[in-house]
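> Quick one: sequence and predicted model below, then my questions.
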There are 2 protein chains.
Amino acid sequence: MKATIYDVAREAGVSIATVSKVINAKGKISQERREEIFAIMERLHYQPSVIASALTGKHTFTLGLLIPDIANPFFGEVARAVEDRGHQLGYSVIICSTDNKDERIEQYISVLKQKRVDGIIIGTGMENTDILRDLGESMPVVIIGREVSAVSVHTVVADDWQGGRSAAEHLLLLGHRRMAVLSESLTVSSSRERLHGFKQRLGEEGVMMSERHVRPCKQRMEDGKREAAALLQGSDRPTAIFCCNDLLAVGALQAAKEAGIRVPSELSVVSFDNTILASVTDPPLTSIAQPMEQLGASAVDLLLEQFAQEAPTVKHRIALRTELIVRESTACVNLAYPIDN
Amino acid sequence: MKATIYDVAREAGVSIATVSKVINAKGKISQERREEIFAIMERLHYQPSVIASALTGKHTFTLGLLIPDIANPFFGEVARAVEDRGHQLGYSVIICSTDNKDERIEQYISVLKQKRVDGIIIGTGMENTDILRDLGESMPVVIIGREVSAVSVHTVVADDWQGGRSAAEHLLLLGHRRMAVLSESLTVSSSRERLHGFKQRLGEEGVMMSERHVRPCKQRMEDGKREAAALLQGSDRPTAIFCCNDLLAVGALQAAKEAGIRVPSELSVVSFDNTILASVTDPPLTSIAQPMEQLGASAVDLLLEQFAQEAPTVKHRIALRTELIVRESTACVNLAYPIDN
DNA sequence: CTGAAAGCGCTTACAG
DNA sequence: CTGAAAGCGCTTACAG
């Protein structure tokens, strides 16, 4: 049988209260006793039960992580960062892939509450933000990777606006003037910000994009491919496309290939996220890197911070800088290739 | 405050035992009482505490999943499958990325034990298999994706041997005779099996591979690239390479590109796993697909099965069929390109 | 510095 | 069909 605190106490000839104190480094216990008790715990392979101590009001040392899909490389990397920071600090993480479905979200939240997790990190989209509001009132929460302005919670995001600007900046420097954007759904704040930053930077140089050059897509690769194909057959074909995530950029690459348009000599492509996908395509993608490690780590820190304070405090919003990673999908506008038919 | 079983009992004018029985559908409770109590639970938003019921000897409804790295797309997909099957059956999963380090493995196992998870799925490599043996004796365990023959535990794997044969078969049909392999570390059983199946099928057609055409690599892409580059500069350059995972194949593609060798016209590449990476490269990779969903689901089923039976039973070993997915990285040996210098 | 006792929110024989 | 009571393995005032 597994040893309990009673076994340790009996063996040491003390009360379980004393053992509990040495385990938790509370109260004053004489040095000798402490060492003796540690020795006994070791000998009996005693491991305190997290279950029992959680029931007594302490933490479960478990966190919930809600994301759209753990199989998506971007969220996989974020999850790894959350896991690592949590592990360092003594917390485990339960993964919850929601597919952005409110129903799954509510199911998962209900389970996490029943398991009394200490806090929840939310990286998933949802229709009904009331879910979030209620949740935020009943336990520590932090949102990662997006804004939900309707609700007041701690938030950590990449600086999407600045990322969009960097993408524009890079392309402008390469001489591009006729550009297009493959964006995600514009109901997502991060997509809006990326687009906004991109357009704004263009505007500063007097460069305008026609509305039909801005194409919102669903998350998937095929969508990116289809929209990019449409973009590439117009007579005012863009010389550069800014894609709001790596998957979309892969689609753009494929569309260009099918249309017989070479990247980067005839078309530059900049993507966003810089997941492993960006380094695997041909050509490898120039991409705006999100600091996924920091994103995950900060989210955990912000969450644990809330355990400490009793009163609800002002909600933080952390925006982390993105970084332009130049690979081979971008080049100077090449005038040798006429772009007007 | 959150409602407890006492609140429900008081409200219903019954004992907590009765409430407990209706929650767990145990014993005989009159239909009326049952319905009345359900109504009250609903009204009070009562949710039973998993913590408390776990302490009383019941399940925690939580599983541990040990894998090398959740950020690796292959394991991301497996994790998603495990999560989904678990969720269906009422279980949550805690992710544990081990980096294949025994130290991390032991830390995680210790945490999982303290949290009294109901079982552990192991998809990670380890040096010291004693860890596994001990673990298997103290709680339900299933190994996924590899064999650890030294220890008797339930196992679910892809049929790696058959997968290796399929790869060989495909290449033979395309007329290839001079082939090479980029394998993972041969200490991993699945790699050995893939290689073995591949060689064996070749042998059946009287095709031999020289020893220097079999190159074990570490997991990483750069490794694959370096080894492939070495392979491609010999005078007896292979016309086809079988890569034991997608990442290695990406490396091979890159090496070929740098050497100015075209895929598939001058070199065919077959990979293994069929993760998202295989569909994103240029050309997209012909790959031996592992049934990742089934792998995950079967692992969960095999684990839960163990909760039912008291006595340790014969250990199962499930090998799931792989499937050849033909994309554009393979083609007939092209005699137009002389391969001998 | 140490311990007795109550309590966390449940489940499970057992008795009626 | 229903309930009283013990117990799961801890922590926490409180008293000494």
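Right, received. Where do you want to start?
> can you pull the contacts of the nearest residue to residue A:316 once chain neighbours are set aside?
Of all residues not flanking residue A:316 in the chain, residue A:154 sits nearest, at 5.0 Å (CB to CB, 6 or more residues apart in numbering or on different chains). Where C-beta positions appear, they are placed from N, C-alpha and C, glycine not excepted. The contact partners of residue A:154, by CB atoms under 8 Å, 6 or more residues apart in numbering or on different chains, come to A:141, A:142, A:143, A:302, A:303, A:306, A:315, A:316, A:317.
> gap between the two ends of stretch A:81-96?
Using CA to CA, to the nearest Å, one end of stretch A:81-96 lies 15 Å from the other.
> Check whether that stretch comes near chain B.
Yes. Using CB under 8 Å from any CB of the partner chain, stretch A:81-96 reaches chain B at A:83, A:84, A:87, A:92, A:93, A:94, A:95, A:96.
> Correct me if wrong, but the fifth one is in a helix.
So the one you mean is residue A:93. No. Under DSSP: H, G, I helix; E, B strand; the rest coil, residue A:93 falls outside any helix and is assigned strand.
> Run through the residues that contact it.
Counting by CB under 8 Å, 6+ apart, residue A:93 has contacts A:62, A:63, A:64, A:65, A:79, A:82, A:83, A:86, B:94, B:95.
> The last one: neighbouring residues, count only.
Burial of residue B:95 is recorded as 28 neighbouring residues (other CB atoms under 10 Å in any protein chain shown).
> picking up where we left off before, counting neighbours, which of the contacts of residue A:93 comes out on top?
Neighbour-wise, the contacts of residue A:93 (other CB under 10 Å) top out at residue A:82, 31 neighbours.
> pretty sure it is in contact with residue A:121, am I right?
Yes. Between residue A:82 and residue A:121 there is a contact at 6.2 Å, judged by CB atoms under 8 Å.
> overlap in contacts of the two?
What both residue A:82 and residue A:121 touch, as defined by CB under 8 Å, 6+ apart, is the set A:63, A:65, A:299, A:300.
> Please read off the pLDDT at the second one from the model.
Looking back up the chat, that one is residue A:65. Residue A:65 is assigned a predicted lDDT (pLDDT) of 98.
> Please apply the same query to the last one.
Note for residue A:300: predicted pLDDT of 97.
> in what helix or strand does it lie?
Under the criterion of DSSP states H and E, residue A:300 resides in helix A:292-308.
> That helix packs against which elements?
Under the contact definition 3 or more CB pairs under 8 Å, 6 or more residues apart in numbering or on different chains; DSSP states H and E, helix A:292-308 sits against helix A:73-89, strand A:119-122, strand A:141-144, strand A:154-158, strand A:317-320.
> and the residue of the stretch 101-250 of chain A nearest DNA strand D?
Per CB to the nearest atom of the strand, residue A:116 is where the stretch 101-250 of chain A lies closest to DNA strand D, at 12.9 Å.
> what does the stretch 201-341 of chain A give?
Closest point on the stretch 201-341 of chain A to DNA strand D, by CB to the nearest atom of the strand, is residue A:307, at 12.8 Å.
> Let me know whether that residue touches residue A:139 as I believe.
No. Applying CB under 8 Å as the test, residue A:307 and residue A:139 come out as separate, 10.0 Å apart.
> higher neighbour count, those two?
Set side by side, residue A:307 and residue A:139 show more neighbours around residue A:139, with 17 against 10, by other CB under 10 Å.
> and the nearest residue to the more buried one once chain neighbours are set aside, how many neighbours?
Nearest non-adjacent residue to residue A:139, counting by CB to CB, 6+ apart: residue A:119, 6.1 Å away. Using other CB under 10 Å, residue A:119 has 23 neighbouring residues.
> any idea how far residue A:154 is from residue A:119?
10 Å (CB to CB, to the nearest Å).
> okay, and the common contacts of these two?
A:141, A:142, A:303, A:306.
> Would you mind naming the residues that bridge with the residue nearest to the third one when sequence neighbours are not counted?
Distance criterion CB to CB, 6+ apart; nearest residue to residue A:303, sequence neighbours excluded, is residue A:119 at 4.3 Å. For residue A:119, the beta-bridge assignment (DSSP bridges) gives partners residue A:63.
> and residue A:270, helix, strand or coil?
strand.
> OK, contacts around it?
Per CB under 8 Å, 6+ apart, neighbours of residue A:270: A:167, A:170-171, A:240-243, A:249, A:285-288, A:329-330.
> same thing with residue A:151?
So residue A:151 contacts A:129, A:132, A:133, A:136 (CB under 8 Å, 6+ apart).
> What backbone torsions are found at the residue lying closest to the last one once chain neighbours are set aside?
By that I understand residue A:136. Closest residue in space to residue A:136, ignoring its immediate chain neighbours: residue A:153 at 4.8 Å, by CB to CB, 6+ apart. Residue A:153 has phi and psi values of phi -140, psi 160 when expressed as degrees, to the nearest 10.
> Look up how far DNA strand C lies from residue A:153.
Per CB to the nearest atom of the strand, to the nearest Å, residue A:153 is found 25 Å from DNA strand C.
> pLDDT at that residue, what is it?
Predicted confidence (pLDDT) for residue A:153: 89.
> Within range of chain B, give me the residues from the stretch 101-250 of chain A.
Counting by CB under 8 Å from any CB, the residues of the stretch 101-250 of chain A that sit close to chain B are A:107, A:108, A:110, A:111, A:112, A:113, A:114, A:115, A:116, A:221, A:250.
> What parts of chain A come near DNA strand C?
Within chain A, the positions adjacent to DNA strand C are A:13-18, A:21, A:27-30, A:33, A:52, A:55-57 by CB under 7 Å from any atom of the strand.
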